[in-house]
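Participant: Everything below, folded, please.
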Amino acid sequence: MRINKMNIVFKYIKSPLNIILFLESRGMLNYISDKLYLQLLYYSRLGKKLNLINPKTYNEKLQWLKLYDRNPKYTQMVDKFEVRNYVSNVIGEEYLSPLLGVWDSFDEIDFEKLPHQFVLKCTHDSGGLIICKDKQNLDLQATKLKINNCLKQNYYLHGREWPYKNVKPRIICEKLIEQENGSELRDYRFFCFNGEPKFITVDFSITNKKKTRRNLYDLNWNLMDEEITYPKELITKVNKPEKFDEMIILSKKISADFPHARVDFYYIEGKIIFGEVTFFHQSGMGKIRPEEFNREMGEWLQLPNIKK
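Facilitator: Down below sits the predicted model:
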């Protein structure tokens, strides 16, 4: 037992990131400033000092935006319930996954009224997700435990992405969307800068991080050489969606008011379905290869003129 405890201690000592994550899990970093927190986390994840005085790279500029760009509209956009109103007004309700319910607490959910298959999501975080493919075999106790634990969390504290700070914790239920042939569901992530998409990412094997692959495509659907965190997938081919040009137009409309936004869509049997809007891809701490691409993305991201 003592040896196991010592191994745990050495694990944390050898990795600055593990130390930060350990302190964070104990709530010991909750009260330090956003700026200091981001400097610590950035260095522990990427091994670099964070330049906030004159940020040049994509990752640096995302940290700057966390600290200084406090557009109140961001809070609506990261709220999985409220963003539906924004999307409906900007591109139309027909692009939304059908909503089956919204509740303030788990005990308010009447599972008898839900269909055989559905998805439960917490509105205020990333990860508070339950995919139900068979209601009769759904473990309600485990589901309740996960959802209630998520409802207690303030996602803002885990990356200081301030738009999440004041999102009301709720639960929504949406229709489960799947490919008819049972293949892995793909989302198409449009990286937009001042309302202009520059490239798209598609992930593979997302449920197994050891096997996850990520391809980057330009707007002509050419596979790019650059990588973000995960290596390329060279075996499985993904064809350009038939309505790809429409996706580009929709991503422009949704991202038009923001210096940067990642706009995600699904494409299911000829239908475009909105996924989400993300302002801080991988919290601005993804490993971008080569470094020149990190700088090129930083050039695309024009910071707003904000008095600090």
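Participant: going forward, measure contacts and count neighbours with C-alpha atoms only.
Facilitator: OK.
Participant: Glu242 and Lys271 touch, don't they?
Facilitator: No - using C-alpha atoms under 8 Å, Glu242 is not in contact with Lys271; the gap is 9.6 Å.
Participant: how about the strands in the stretch 101-250 of the chain?
Facilitator: 118-122, 129-132, 171-174, 187-193, 196-204, 213-217, 227-228 (DSSP state E, counting those that start in this stretch).
Participant: any idea where the helices of the stretch 151-300 of the chain begin and end?
Facilitator: Assigned by DSSP state H, counting those that start in this stretch, the helices in the stretch 151-300 of the chain fall at 244-255, 291-300.
Participant: Quick one, which of the ones you listed gets closest to Gly127.
Facilitator: Proximity to Gly127, assessed across these by C-alpha to C-alpha, is greatest for helix 244-255 (23.0 Å).
Participant: By mean pLDDT, flag the weakest helix or strand of the protein.
Facilitator: Using mean pLDDT, DSSP states H and E, helix 2-14 stands out as the lowest-scoring helix or strand of the chain, at a mean of 53.
Participant: Could you look up the next helix or strand downstream of it?
Facilitator: helix 16-25 (DSSP states H and E).
Participant: pLDDT of that next one, averaged?
Facilitator: For helix 16-25, the mean per-residue pLDDT is 78.
Participant: buried set for it?
Facilitator: Residues of helix 16-25 classed as buried by neighbour count (16 or more other C-alpha atoms under 10 Å): 16-17, 19-21.
Participant: do stretch 153-161 as well
Facilitator: Residues of stretch 153-161 classed as buried by neighbour count (16+ other C-alpha under 10 Å): 154-161.
Participant: cool, and stretch 291-303?
Facilitator: Buried residues in stretch 291-303 (16+ other C-alpha under 10 Å): 293-295, 297-298, 300-301, 303.
Participant: Among these, which one lies nearest to His260?
Facilitator: Looking across these and measuring by C-alpha to C-alpha, the closest to His260 is Leu301, at 6.5 Å.
Participant: Now do the contacts for the closest one.
Facilitator: By C-alpha atoms under 8 Å, 6 or more residues apart in numbering, Leu301 lies in contact with 58, 61, 193-194, 259-260.
Participant: what do you get if the cut-off is 6 Å, keeping everything else the same?
Facilitator: Neighbouring residues of Leu301 by C-alpha atoms under 6 Å, 6 or more residues apart in numbering: Phe193.
Participant: mind listing what Leu151 touches?
Facilitator: Pro169.
Participant: Tell me how far it lies from Lys271.
Facilitator: Leu151 sits 32 Å away from Lys271, taking C-alpha to C-alpha, to the nearest Å as the criterion.
Participant: Also Tyr164?
Facilitator: Distance, Tyr164 to Lys271, using C-alpha to C-alpha: 29 Å.
Participant: So for these two, which residue has more residues nearby?
Facilitator: Each of Tyr164 and Lys271 has its neighbours counted (other C-alpha atoms under 10 Å); Tyr164 has more, 24 against 14.
Participant: so can I have JSON lines of the buried residues of stretch 153-161 showing distance to Asp218?
Facilitator: Output for the buried residues of stretch 153-161, formatted as JSON lines (distance: C-alpha to C-alpha, whole Å):
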{"residue": "Asn154", "distance to Asp218": "35"}
{"residue": "Tyr155", "distance to Asp218": "32"}
{"residue": "Tyr156", "distance to Asp218": "32"}
{"residue": "Leu157", "distance to Asp218": "34"}
{"residue": "His158", "distance to Asp218": "31"}
{"residue": "Gly159", "distance to Asp218": "29"}
{"residue": "Arg160", "distance to Asp218": "30"}
{"residue": "Glu161", "distance to Asp218": "28"}
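Participant: Any idea which of these the model trusts least?
Facilitator: The lowest pLDDT within the buried residues of stretch 153-161 belongs to His158, with 89.
Participant: Can you tell me the closest non-neighbouring residue to that residue?
Facilitator: Glu24 (7.7 Å; C-alpha to C-alpha, 6 or more residues apart in numbering).
Participant: do the same with Trp64
Facilitator: Closest residue to Trp64 apart from its sequence neighbours, by C-alpha to C-alpha, 6+ apart: Leu52 at 6.0 Å.
Participant: Equivalent analysis for Leu17, please.
Facilitator: What sits nearest to Leu17 in space, not counting adjacent residues and going by C-alpha to C-alpha, 6+ apart, is Ser44, at 4.6 Å.
Participant: tally of neighbours for that neighbour?
Facilitator: Around Ser44 there are 18 residues (other C-alpha under 10 Å).
Participant: before we move on, what about Ile131?
Facilitator: For Ile131, the neighbour count with other C-alpha under 10 Å is 18.
Participant: Burial check on the nearest residue to it once chain neighbours are set aside, number of neighbours?
Facilitator: Using C-alpha to C-alpha, 6+ apart and skipping residues adjacent in sequence, the residue nearest Ile131 is Val119, 4.7 Å away. Residues contacting Val119 under the criterion other C-alpha under 10 Å number 17.
Participant: I appreciate the help and will end here.
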